[in-house]
Every structure is written in C-alpha cells, then in structure tokens.
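Enquirer: After the sequence you'll find the predicted model.
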Amino acid sequence: MVVPIGSDAPDFTLKGTGGETFTLSDTLGKKRTLLVFYPVDQTPGCRNQLSALGESIDYFRALDTEPYGVKEADAASHQRFIDELNLPFDLLIDEQFEVADAYGCLRETQRMNARTVIIVGKNGKVIYREAGSPEPAALLDAISTADDESPA
C-alpha cells in the first residue's frame, strides 16, 4: 500500500550500518527524515543518487533534515558502499523489507525495493514522495516549502 503525502508515516525501528538503531518516532518535533529506498548497493544508479545526496548534506542539515538509505542488504555490504562513496549519512538495514512494504516501496514483480524517496516532516506526516531519483534541489525545495512544524 502506498503511503500518500499528508498521511501519517508508519513508525519503524531499523539497525544502522554500525549496529545502532534508528527509530523514526524519535525524530518527531526535532527534524525531518529523508528516506531513500534504493534497490542495490554498488550499482551505478544507486551510486549516483546517494552520492548526490551526500554532496548536498550541508543543505539538508541546514533545513533540519537527515537522509537515510533504506535497503535489506547486510551491514557489511552497506559499509562497503558508505566507504566507497564516502557517504556522510547512514544506510538502514530493512532485513525483511518490512519498512519498504509499509511505505509501498517494493517492486511488484521482484522482492526488491522500488527506487523511491520519501520525506517525513517534523510532525510525522509524509510531506514528499517521488518514485525514481529526484534531484537534491527538488528535495530541498519541497523541504523549504513544507508546513510540517505543527504536531501530527
């Protein structure tokens, strides 16, 4: 089921690459969360998408937004990808595709993430959703015009 813009973002807890956990509800009222559901570590499309986000990290953080990659790969695969690209953000391990499924980001024909970007506002609502690999400028524009300060 696709989680549409304006709806409550499903809460989740996932392990990060270093073994720490990330819980979406811990960010409410503090910062926005940019979730990048991507299909495969180490592929050109994923490299380009995540590198572009990494290059724009200061702009995202200036707008109280923290990006995370989300994929089912193990920590070792994620760490190689982080090291290769020098990513300044974490990749979360969605072992059973539960988060991708909850957000409607699974390919119908394969057990694999469909490339999708979702931004969860400070109020816990989805403020942006786009399939594919939107440019960082489009994401920054969506964040800067969002009205997501009020409680959910």
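Expert: Received the coordinates, thanks.
Enquirer: residues in contact with V120?
Expert: Contacts of V120 were listed using C-beta atoms under 8 Å, 6 or more residues apart in numbering, and they are 9, 24, 27, 32-35, 126-127. C-beta here means a position set from N, CA and C on the backbone, and glycine is covered the same way.
Enquirer: how about those residues in a markdown table, adding pLDDT, distance to D141 and secondary structure?
Expert: Conversion of the contacts of V120 to a markdown table gives the following (pLDDT from 0 to 100; distance: C-beta to C-beta, whole Å; DSSP: H, G, I helix; E, B strand; the rest coil):
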| residue | pLDDT | distance to D141 | secondary structure |
| --- | --- | --- | --- |
| A9 | 98 | 20 | coil |
| L24 | 98 | 23 | helix |
| T27 | 97 | 21 | helix |
| R32 | 97 | 13 | strand |
| T33 | 98 | 17 | strand |
| L34 | 98 | 13 | strand |
| L35 | 98 | 18 | strand |
| V126 | 97 | 16 | strand |
| I127 | 97 | 12 | strand |
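Enquirer: of all the residues you listed, which comes closest to L85?
Expert: Set against L85, the nearest of the contacts of V120 by C-beta to C-beta is L34 (16.3 Å).
Enquirer: I'd say that closest one and T65 touch.
Expert: Yes. In terms of C-beta atoms under 8 Å, L34 counts as a neighbour of T65; the distance is 5.5 Å.
Enquirer: Need the residues touching each of these two.
Expert: The overlap between the contact sets of L34 and T65 (C-beta under 8 Å, 6+ apart) consists of 119, 143.
Enquirer: Many thanks, we can stop here.
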